[in-house]
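J.: what's the 3D shape of this:
(one chain, ligands or ions: 1)
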Amino acid sequence: MSSFPAVPPTRIDFSAEDREWIAARIKQVLESGRLTLGPFGEEFEGEIARGMGVKHAITVNSGTASLEIMLRAMNVAGKDVLVPANTFFATAAAVMSAGGTPVLMDTDVATLSTSLAEIERRLTPKTVGIMIVHIAGLVTAEMPAIAAFARKKGIWLMEDAAHAQGSTLDGKHAGTFGLAGSFSFYPTKVMTSAEGGVIVTDDDTLASEAKIYRDQGKASFLQNTHIRMGYNWRMSEPHAVIGLRHLHNLPTMIKNRQRIGARYDAAFGGGHLLRPVALPKGCVSNYYKYVVMLPEGVDRAAAKKWLREERGVHCSGEVYEVPLHKNEVLKHLDPGNLTQSEVACGRQLCLPIFASMSDAQADQVIEGVKAAKDKGVL
Ligand SMILES: Cc1ncc(COP(=O)(O)O)c(C=O)c1O
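T.: Numbers count the residues shown, from 1 in each chain. Now for the predicted structure:
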């Protein structure tokens, strides 16, 4: 076992001050008796919307829920939705749960996203929309062109921005390029509400539909008349309180991640040690993940084991280890020719990165990588 201290792949932090702030407000919630869809949820929504410069933010109880609500609101049943093969299960599963069919698209290995050319290639007569996913917090420079293409074709563009809270392209927030954006506050993300998610949109109709869907499809909160096939997708007040605190900390947490990213870039940027996935032009990343592409032929599992056991460096699960069509329950979605997704997923490695990471921990990772290189395992 390594004599080095363990550097975890990721960490979520609440300082003593954070914990006190949260506890005081949760006490208020308990005293008030308003435990769900209350004032803290509204405050959380207001601050998210203001921060991203959008009209509406609708909080829900997961990023999966926010995706499914957006898709149900757009009535995708019986229709096709373009979805990247290189994404989390929920991006495609939400389309299926809403009654639609995900049409998988290949990956642009340089950005880990989807190129406009690939979108054009995969368009079907039944396509009603495009879902773009900002893997690792990277926003492809093609977003404005993809949005223009969707407008031209009369289809919608949505973003699964679960990885990209706080990332921007030319100053515009991830999640705001199309009709709506979905975010996740799962505890591995750059900010968390323990569990939770949010839909952001400028569209008044979509916003009011989302509020109906998240609360069992009811016409209004106090009425038991169901006008949509909704579900219990509500965010509780304690979750909103936790999310509010992390939202306040978000700029500092992202700055810290960017500092670690810059330290890695300085060590690896030349590409002589490892090849980091470069930031798209105009993109300011939240550094949700720091992804490097391994040279062909490197045994990733063996390299990770060596880094962990010999140098205490714990690399996280990849984003993602295999593309969607390589999962048992989604293999029927394979349209063929997803070879670049297999390369992107098969050769990537995510180095440890988190908001409270110290420079010394980053240097331990860099030295570990150098040693692995010398040893011939990387
Ligand atoms: C790209 C992507 N989409 C959707 C989700 C689902 O979010 P949640 O876990 O909050 O349901 C995640 C999170 O894990 C994700 O990474």
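J.: and the closest residue to the ligand within the stretch 201-350 of the chain, how close does it get to residue 102?
T.: Of all residues in the stretch 201-350 of the chain, residue 319 sits closest to the ligand, at 7.4 Å by CB to the nearest ligand atom. C-beta here means a position set from N, CA and C on the backbone, and glycine is covered the same way. Distance, residue 319 to residue 102, by CB to CB, to the nearest Å: 18 Å.
J.: and what of residue 340?
T.: The value you get for residue 340 to residue 102, if CB to CB is used, is 18 Å.
J.: quick check: phi and psi on residue 25?
T.: phi -80, psi -30 (degrees, to the nearest 10).
J.: what helix or strand is residue 302 located in?
T.: Taking DSSP states H and E as the criterion, residue 302 maps to helix 300-311.
J.: pLDDT value on residue 1, please?
T.: Per-residue pLDDT puts residue 1 at 67.
J.: could you point out the longest helix of this structure?
T.: helix 237-268 (DSSP state H).
J.: strands paired with the lowest-mean-pLDDT helix or strand in the chain, and their directions?
T.: Sorting the helices and strands of the chain by mean pLDDT, DSSP states H and E puts strand 275-276 at the bottom, at a mean of 86. If you go by DSSP bridges, strand 275-276 pairs up with strand 290-293 (antiparallel).
J.: the partner strand near the ligand at all?
T.: No - Strand 290-293 lies out of reach of the ligand by CB under 6 Å from any ligand atom, never closer than 13.6 Å.
J.: ok so, going back, how far out from the middle of the chain is the longest helix of the chain?
T.: 14 Å (CA atoms, centre = their mean, to the nearest Å).
J.: what is that helix packed up against?
T.: helix 16-32, helix 39-52, strand 275-276, strand 290-293, helix 359-375 (3 or more CB pairs under 8 Å, 6 or more residues apart in numbering; DSSP states H and E).
J.: residues in contact with the strand ranked longest in the chain?
T.: In the chain, with assignment by DSSP state E, the single longest strand is strand 127-133. Residues outside strand 127-133 that contact it (CB atoms under 8 Å, 6 or more residues apart in numbering): 67, 74, 76, 79-84, 86-88, 91, 95, 100, 103, 113-114, 119, 140, 143, 146, 150, 155-163, 177-179.
J.: repeat that for stretch 369-378.
T.: 267-268, 273-274, 294, 298-299, 302-303, 306-307, 310-311, 313, 351.
J.: of those, which one scores lowest on pLDDT?
T.: On pLDDT alone, residue 273 ranks lowest of these, at 77.
J.: surely it and residue 265 touch.
T.: No - using CB atoms under 8 Å, residue 273 makes no contact with residue 265, being 11.4 Å away.
J.: on that earlier part again, closest to residue 282 among the contacts of stretch 369-378?
T.: residue 268 (21.6 Å; CB to CB).
J.: for that closest one, which non-adjacent residue is closest in space?
T.: Of all residues not flanking residue 268 in the chain, residue 274 sits nearest, at 4.7 Å (CB to CB, 6 or more residues apart in numbering).
J.: returning to that earlier point: PyMOL command to pick out the buried ones of the contacts of stretch 369-378?
T.: To isolate the buried members of the contacts of stretch 369-378 in PyMOL, using 16 or more other CB atoms under 10 Å:
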select buried, resi 267+268+273+274+294+298+303+306+307+310+311+313+351
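J.: how many neighbours does residue 51 have?
T.: In terms of burial, residue 51 registers 16 neighbours under the definition other CB atoms under 10 Å.
J.: need the pLDDT of the residue of the chain at minimum distance from the ligand.
T.: Nearest residue of the chain to the ligand (CB to the nearest ligand atom) works out as residue 63 at 2.6 Å. pLDDT for residue 63: 98.
J.: quick one: contacts for it?
T.: Contacts of residue 63 by CB under 8 Å, 6+ apart are 90, 160, 162, 182-186, 196-197.
J.: which stretches in the stretch 101-250 of the chain count as helices?
T.: 116-122, 143-153, 204-214, 237-268 (DSSP state H, counting those that start in this stretch).
J.: okay, these in TSV with distance to residue 376 next?
T.: Below are those laid out as TSV (distance: least, CB to CB, whole Å):
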stretch	distance to residue 376
helix 116-122	36
helix 143-153	40
helix 204-214	53
helix 237-268	18
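J.: got the ones you listed as CSV, with distance to the ligand columns?
T.: Shown next, in CSV, are the helices of the stretch 101-250 of the chain (distance: least, CB to the nearest ligand atom, whole Å):
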stretch, distance to the ligand
helix 116-122, 18
helix 143-153, 16
helix 204-214, 14
helix 237-268, 11
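J.: go through these and name the closest to residue 335.
T.: helix 116-122 (7.4 Å).
J.: now do that closest one: distance to the chain's middle.
T.: With CA atoms, centre = their mean, you get 22 Å for helix 116-122.
J.: quick check: residues of this protein near the ligand?
T.: Contact residues (CB under 6 Å from any ligand atom) of the chain with the ligand: 62-64, 87-88, 90-91, 133, 160, 162-163, 184, 186, 197.
J.: neighbour-wise, give me the winner out of those.
T.: residue 162 (31 neighbours).
J.: read off the pLDDT value for that one.
T.: So, for residue 162, pLDDT stands at 98.
J.: which residue packs closest to it, ignoring adjacent ones?
T.: residue 184 is the one closest to residue 162 (CB to CB, 6+ apart), at 3.8 Å.
J.: many thanks, I have nothing further to ask.
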